[in-house]
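Colleague: I would like the atomic coordinates for the input below:
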Amino acid sequence: MDDTITIIEGPPPTFESVNQGWAFGLQESPSLGDIAMTRLRTFNGPALVERCYHTWHENQTMHLEFRDPDGLERTVPIVAARAIESDDGQMLHLWVRLVDGEVELEFGYDDDFGDDIDDDFGMPD
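Modeller: Residues are numbered from 1 along each chain as shown. Below is the predicted model of the structure:
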C-alpha cells in the first residue's frame, strides 16, 4: 500500500506530546485528537517523505501501521513527516493524530542543565 508506512520489526513506536506552535495548526479536523511525534530509524527516509507528499497531494490520508505492546495492529494517520540524517543513520520524524485512548503518550523532559546546577539552585549558604 502506498498510503501506509508499516513498522515491520522492533519495539512499538514511542509517541511524544507536541507543544510546538506550528503543530497546533495540524489539529484542525472534524474529529478530536492530539498531535504526537515519533522518531523512527529507516533506510530511506526521503523516499518515505516523498510517499507521504504524493498521498497528501491526492487529498488522501497517509497512515502509520504498527503493533502495540499487546501485539495488536494499530493504525494512526500521519499529518507531517520529515527525514533527518543523523550520526546513527537516517531518521524519520512523523507527526500523527491520536484519538483519545488510542495509544499512550510518553511525557518527559530533556535534562539540558546537566550536573552543573547545585541542589540549592546556586543560593548562598
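Colleague: for the protein, what are the low-confidence residue spans?
Modeller: Within the chain, the ranges that satisfy pLDDT under 70 run 1, 20-33, 100-125.
Colleague: for it, what spans make up the helices?
Modeller: Counting by DSSP state H, the chain has helices at residues 45-57.
Colleague: do you know how far Val18 is from Met37?
Modeller: Distance of Val18 to Met37, computed by CB to CB, to the nearest Å: 5 Å. The C-beta positions use only the backbone N, C-alpha and C, and glycine is treated the same way.
Colleague: Quick check: neighbours shared by those two?
Modeller: Trp95 (CB atoms under 8 Å, 6 or more residues apart in numbering).
Colleague: Give me the contact list for stretch 46-58.
Modeller: Residues outside stretch 46-58 that contact it (CB under 8 Å, 6+ apart): 2-3, 5, 42, 61-62, 78, 81-83, 92.
Colleague: May I have it as CSV, with CA atoms only?
Modeller: Once non-C-alpha atoms are left out, stretch 46-58 reads as follows in CSV (Å, rounded to 0.1, in the frame of the first residue of the first chain):
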residue,chain,number,x,y,z
PRO,A,46,13.4,10.9,1.9
ALA,A,47,11.5,8.2,-0.2
LEU,A,48,9.1,7.7,2.7
VAL,A,49,8.5,11.5,3.0
GLU,A,50,8.0,11.6,-0.8
ARG,A,51,5.3,8.9,-0.5
CYS,A,52,3.6,11.0,2.2
TYR,A,53,3.7,14.0,0.0
HIS,A,54,2.2,12.2,-3.0
THR,A,55,-0.6,10.7,-0.9
TRP,A,56,-1.4,14.1,0.7
HIS,A,57,-1.2,15.8,-2.8
GLU,A,58,-4.0,13.5,-3.9
